[in-house]
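J.: fold the stuff below for me.
(chains A, B, C, D, E and F)
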Number of protein chains: 4
Amino acid sequence: MAALMTAARAVFKEKGYADALTSEIAERAGVVEGTIYRYFANKRDLLLKVVEQWYAEMISDYDQQLARIHGTRNRLRFMIWRHLTVIHQEPVLCRLVLLDLRADPAYRETSVFGMNRQYTLRTIEIIEAGVASGEFRPGIAIPLVRDMIYGGIEHHTWAYLRGEGDFSVDGIADALADMIYRALAVSQEAETPEMSALGKAVRRLEQIADRLDSAQLDSTN
Amino acid sequence: MAALMTAARAVFKEKGYADALTSEIAERAGVVEGTIYRYFANKRDLLLKVVEQWYAEMISDYDQQLARIHGTRNRLRFMIWRHLTVIHQEPVLCRLVLLDLRADPAYRETSVFGMNRQYTLRTIEIIEAGVASGEFRPGIAIPLVRDMIYGGIEHHTWAYLRGEGDFSVDGIADALADMIYRALAVSQEAETPEMSALGKAVRRLEQIADRLDSAQLDSTN
Amino acid sequence: MAALMTAARAVFKEKGYADALTSEIAERAGVVEGTIYRYFANKRDLLLKVVEQWYAEMISDYDQQLARIHGTRNRLRFMIWRHLTVIHQEPVLCRLVLLDLRADPAYRETSVFGMNRQYTLRTIEIIEAGVASGEFRPGIAIPLVRDMIYGGIEHHTWAYLRGEGDFSVDGIADALADMIYRALAVSQEAETPEMSALGKAVRRLEQIADRLDSAQLDSTN
Amino acid sequence: MAALMTAARAVFKEKGYADALTSEIAERAGVVEGTIYRYFANKRDLLLKVVEQWYAEMISDYDQQLARIHGTRNRLRFMIWRHLTVIHQEPVLCRLVLLDLRADPAYRETSVFGMNRQYTLRTIEIIEAGVASGEFRPGIAIPLVRDMIYGGIEHHTWAYLRGEGDFSVDGIADALADMIYRALAVSQEAETPEMSALGKAVRRLEQIADRLDSAQLDSTN
DNA sequence: AATGAATGAGCCTTCATTCAT
DNA sequence: AATGAATGAAGGCTCATTCAT
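T.: You can find the predicted model right below:
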């Protein structure tokens, strides 16, 4: 039931999982507590369904945006930037996933586990494509790279997830994307001042080209 | 009191924080429950003290071992390998830190926060030394590198922390150390004469980009 | 829930507040402990509700009886006599109010505070009416008179409230009513033996008239 | 031990009895907890001794001041004013006596009970002297007067004892002393000749009342 | 006289879940 | 489909007092 999902999402966002009361969720949805159990096996199942829906929204959004971005470096940066944005916008839901779902022994049997796989799959595909095109070295431990990205972001944003201070989505995205790119790139010769400047110019042009693509898409819809 | 710390550590390792009973801790230490509260403010304080002691042991061990290891790459790999080893040997205590301590809003005021800083400080110093010696590039976002290392490890070992399967300490240590090294190392190539021509090309590209940017801005406003 | 209120009242009367166990209250009401907390915020709230109900009973009883009693002196004596009777019949509940409720810093925000106001309001109105009719002096500090009455009664019955000995409701009522009347009456000439005897006779006749009134009321219902 | 008494009095005044910790009392006295029990049977005994000492100070002070005050009315007012002053200056200690000592079933066996007797004895003696000198009526229920005074004051100052607002020592002393005086004073008027006729009328009324009483009894049985 | 470490019993409260209506 | 009243298990914490040294 949509009203229950909406109510649950709101309450979970305000209170977190443990402090969210089924009674409050029911009240906000305009039903009695017992009704929850007609649609959801238990409170945890309700959380699972809420997070599932959230992931579905995110994945769909990723695909739309990613379709307009070209170049391994840009796409990689986008994935990082987008994930940082999610954390920045929904810290409480992120905490729920990290603490209440991922830590559960049954997490792997969970639908959210699968959706998270999908969620990070784009990053892996970008890296694989980079390897295939020769832009990245062969023999890279790709899952480990994925963990460096997502784990690095998670680690870096824990204070924010805890409710302390803030962080710069763009700044972190730039620095992290650069570092990951360097770790994977086939040669490291690029670091003369001229090559660095060339890289920047090329990236600018690519971004402009992306924007032109998007503009075209928008005008045709 | 040592007996209480030992007992608490054992019970926390077996049951986790929430499922650890103060009554069981007291019983194993051979005292009554009330005695716990002469030495510790509450159950959480007991956890804090246990983790503190554990960190102290680890930090001391690190320093002893690190003194014998030379070379940036070796030292970096050691830090990674050692952390992986800790997770491999004490997954439950690691979970406690990750889930029960780090997520707490008061974590920053905690002694464990400070010890964790110390714990990762070695890694930061190694990187700084690498930069100072010219082995690593200048201008590296060192805290972010730290987060890639520890967050990457954490992310990679979550299944194990959850109690699923196993992981290869040495394999991960090698792959991760290599990746981090590449991300930080200066380029091996020297500057070539043709680079001056590159500079000219770059400047031309930048001018094109500027023109395109201006054109877009005009049409969208 | 009525059963819980009944059970709670009984247990509070037997054990006092601190020694009353929620488990026993629940058991006597034939429900489980948790059920208490569906109807009452906590143990103290339960006490509050029990005392509230008791006050409501008393106030209603007062009004019924007071309607049949005429004459300032008689009405004043009735209020005193009735309060003494309450203490005589329910010493433990009175102790609860005096020690556990009235001493609480939040007492003033309590519903019982308001009901106690109502409870003593009758006395104040009787005195006010006495002043209005010229029977009592003008300029009397009425709240202080109320405190002399209720405080005097309380002070006088503390040994009984403590469980020691007994006291004569009628004797104290007579003596106290007389003293209060004297303190308030407009002239004190009445104290010749003849006037004293006259007063007694008149009061007897008034009481008989009251009884006749009541009898008539009863026979018409 | 004086240091313990001083420390205990301070802590009791700050925290009240229940919230006063023996550990804090010991600490302030510069001894360890166990030492308390060398001088006092238990925490309650410590409270008793502290209150005893306080009463002794007060009684001595009373006697000094009372020696200089003459006239029944003045002496009575002084007793009232002095008691109000005590409450005004030491509300917490007063609460301790009222709630923690007086309510105790063993209060009567307590030394404080006796001292409180002494404390109020002065008031009783003043009234007795008033009766002996003919200033007050004979046949007064003196203990009840004492209760009206001390109970009235207590009732009137409960809000203050609870920590709410303030009260005027002098204003209340005046009003209460006046009221008590009126309640006790003999009538000012002398007997008049017509009173003998009144006697006859009274006797006739009594006879009517007797007949009515009998009639009622007959019809209801 | 003083220490100070150890005692130890006991109860209020929570809230997801159920199931007869 | 919805109600909503009832369930019921479980555990951290306190602090005055003791007693061997």
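
J.: what about the residue most central in space within chain A, distance to DNA strand E?
T.: Residue closest to the mean C-alpha point of chain A, counted by CA atoms, centre = their mean, is residue A:83 at 3.4 Å. Between residue A:83 and DNA strand E the distance, using CB to the nearest atom of the strand, to the nearest Å, works out to 30 Å. C-beta here means a position set from N, CA and C on the backbone, and glycine is covered the same way.

J.: which elements pack onto the helix or strand where that residue lies?
T.: Using DSSP states H and E, residue A:83 falls within helix A:72-89. Counting contacts by 3 or more CB pairs under 8 Å, 6 or more residues apart in numbering or on different chains; DSSP states H and E, helix A:72-89 packs against helix A:43-66, helix A:111-132, helix A:142-156, helix A:158-161, helix A:169-184, helix A:193-220.

J.: so which of those helices comes closest to chain B?
T.: helix A:142-156 (3.0 Å; CB to the nearest CB).

J.: run the chain-centre distance for that closest one.
T.: Here the centre of helix A:142-156 is set off from its chain's centre by 11 Å, with CA atoms, centre = their mean, to the nearest Å.

J.: repeat that for stretch A:83-96.
T.: Worked out by CA atoms, centre = their mean, stretch A:83-96 lies 8 Å from the chain centre.

J.: also stretch A:61-76?
T.: With CA atoms, centre = their mean, you get 13 Å for stretch A:61-76.

J.: ends of that stretch, what's the gap?
T.: Length of stretch A:61-76, first residue to last, CA to CA, to the nearest Å: 16 Å.

J.: where's residue A:95 relative to chain B, distance?
T.: 7 Å (CB to the nearest CB, to the nearest Å).

J.: list the buried residues of the helix holding residue A:83.
T.: A:72-84, A:86-88 (16 or more other CB atoms under 10 Å in any protein chain shown).

J.: need the contact partners of it.
T.: A:58, A:62, A:65-66, A:69, A:94, A:122-123, A:126-127, A:129-130, A:133, A:135-136, A:149-150, A:153, A:157, A:160-161, A:167, A:169-170, A:172-174, A:176-177, A:180-181, A:203, A:206-207, A:210 (CB atoms under 8 Å, 6 or more residues apart in numbering or on different chains).

J.: of those, buried ones?
T.: The buried subset of the contacts of helix A:72-89 - by 16+ other CB under 10 Å - is A:58, A:62, A:66, A:69, A:94, A:122-123, A:126-127, A:130, A:135-136, A:149-150, A:153, A:157, A:160-161, A:169, A:172-173, A:176-177, A:180-181, A:206-207, A:210.

J.: rewinding a little: gap between the helix holding residue A:83 and the chain center?
T.: Distance, centroid of helix A:72-89 to centroid of chain: 7 Å (CA atoms, centre = their mean).

J.: ramachandran coordinates for residue A:162?
T.: phi -80, psi -10 (degrees, to the nearest 10).

J.: the spatially closest residue to it that is not a sequence neighbour - how many residues pack around it?
T.: Take residue A:162 and drop its neighbours on the chain: the residue closest to it by CB to CB, 6 or more residues apart in numbering or on different chains is residue B:105, 5.8 Å away. Close neighbours of residue B:105, defined as other CB atoms under 10 Å in any protein chain shown, add up to 9.

J.: correct me if wrong: residue B:105 contacts residue A:163.
T.: Yes - using CB atoms under 8 Å, residue B:105 makes contact with residue A:163 at a distance of 5.7 Å.

J.: okay, and the common contacts of the two?
T.: By CB under 8 Å, 6+ apart, no residue touches both residue B:105 and residue A:163.

J.: show me what contacts residue A:130?
T.: Per CB under 8 Å, 6+ apart, neighbours of residue A:130: A:72, A:76, A:136, A:184.

J.: rewinding a little: do you know which of the helices and strands packed on helix A:72-89 lies nearest residue D:7?
T.: helix A:158-161 (44.8 Å; CB to CB).

J.: can you give me how far that closest one is from the chain middle?
T.: Distance, centroid of helix A:158-161 to centroid of chain: 16 Å (CA atoms, centre = their mean).

J.: cool, and stretch A:135-152?
T.: Distance, stretch centre to chain centre, for stretch A:135-152: 16 Å (CA atoms, centre = their mean).

J.: report the buried residues of it.
T.: A:135-136, A:140-142, A:144-152.

J.: hmm, which two among the residues you listed are most spread apart?
T.: Those two in those that are separated most widely, counting by CB to CB, are A:135 and A:151, at 23.3 Å.

J.: remind me which residues of chain A are low pLDDT?
T.: A:187-196, A:199, A:210, A:213-221 (pLDDT under 70).

J.: hmm, back to that, report the two of the contacts of residue A:130 separated the most.
T.: A:76 and A:136 (9.9 Å).

J.: now do the SS call for the closest residue to chain C within chain A.
T.: Residue of chain A nearest chain C, by CB to the nearest CB: residue A:23 (10.9 Å). Under DSSP: H, G, I helix; E, B strand; the rest coil, residue A:23 falls in the helix class.

J.: that one contacts residue A:33, doesn't it?
T.: Yes - under the criterion of CB under 8 Å, residue A:23 makes contact with residue A:33 at 5.6 Å.

J.: outline the domain layout of chain A.
T.: Using automatic domain parsing, the domain parsing of chain A gives A:1-40, A:44-186, A:193-221.

J.: can you lay out those as a markdown table showing distance to residue D:115?
T.: Below are the domains of chain A laid out as a markdown table (distance: least, CB to CB, whole Å):
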| stretch | distance to residue D:115 |
| --- | --- |
| domain A:1-40 | 54 |
| domain A:44-186 | 57 |
| domain A:193-221 | 91 |
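
J.: and DNA strand F, which of the ones you listed is closest to it?
T.: domain A:1-40 (2.0 Å; CB to the nearest atom of the strand).

J.: check whether that closest one contacts chain B.
T.: No - under the criterion of CB under 8 Å from any CB of the partner chain, chain B is not reached by domain A:1-40; the shortest gap measures 9.8 Å.

J.: could I get the buried residue list for that domain?
T.: Those would be A:4-5, A:7-13, A:16-17, A:20, A:22, A:24-26, A:29, A:31, A:36, A:40, for domain A:1-40 by 16+ other CB under 10 Å.

J.: who are the contact partners of the spatially closest residue to residue A:56 that is not a sequence neighbour?
T.: Here the nearest residue to residue A:56 in space, its sequence neighbours aside, is residue A:115; by CB to CB, 6+ apart that works out to 7.1 Å. By CB under 8 Å, 6+ apart, the residues touching residue A:115 are A:52, A:55, A:56, A:59.
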